[in-house]
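K.L.:
Based on what follows, work out the 3D shape:
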Amino acid sequence: MRIIQVLLITLLVLSPELKAIPDLHVPLNKLTLVSDKLTLTIFRDGDSDRVKNVEVKSANSTFTIDSEVFDLAYAVDLQEVTLTQTIDLENGLMEDYQLYIPYNLHSDDGLEPPEEQKLKTQKLVIYFDNTQVKRIFTK
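P.N.:
All right, here's what the predicted structure looks like:
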């Protein structure tokens, strides 16, 4: 009986037709990242798959990041977002952050990109601290 159970489980896992392993990619409309000193919420516009805005909350301030650069990046992937913090070798952690949001389609004029455009992963990059945005660009 034990051998039959093991064979059945093996068959389910290895058989691509049975879809035993679920697709874990779920489209997110909002992503919240929380640390000791910062809460960051990224909102995605569900109609266009672009970043709508980013809300930053720290102990002493709250502000929203809005940018025209967000209009250039379509098909954002919130599951691959990366948030980093600057480290000074003498002073330790700084209050400077870098947010990287991957996207697959680029628009030069803010209009929807043409369908024939090839998917090429690029990143929205946002530099900010606890009180303000320092720089926003794509790379």
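K.L.:
burial count for L89?
P.N.:
5 (other Cβ atoms under 10 Å). In short, each C-beta sits where N, CA and C put it, glycine included.
K.L.:
residue contacts, the residue lying closest to G110 once chain neighbours are set aside?
P.N.:
Nearest non-adjacent residue to G110, counting by Cβ to Cβ, 6 or more residues apart in numbering: D71, 3.9 Å away. Neighbouring residues of D71 by Cβ atoms under 8 Å, 6 or more residues apart in numbering: 50, 107, 110.
K.L.:
which of these tops the neighbour count?
P.N.:
R50 (21 neighbours).
K.L.:
Now stretch 116-126: buried residues?
P.N.:
By neighbour count on 16 or more other Cβ atoms under 10 Å, the buried set for stretch 116-126 is 123-126.
K.L.:
one step back: so can I have a markdown table of the contacts of D71 showing secondary structure?
P.N.:
Listed next are those as a markdown table, based on DSSP: H, G, I helix; E, B strand; the rest coil:
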| residue | secondary structure |
| --- | --- |
| R50 | strand |
| S107 | coil |
| G110 | coil |
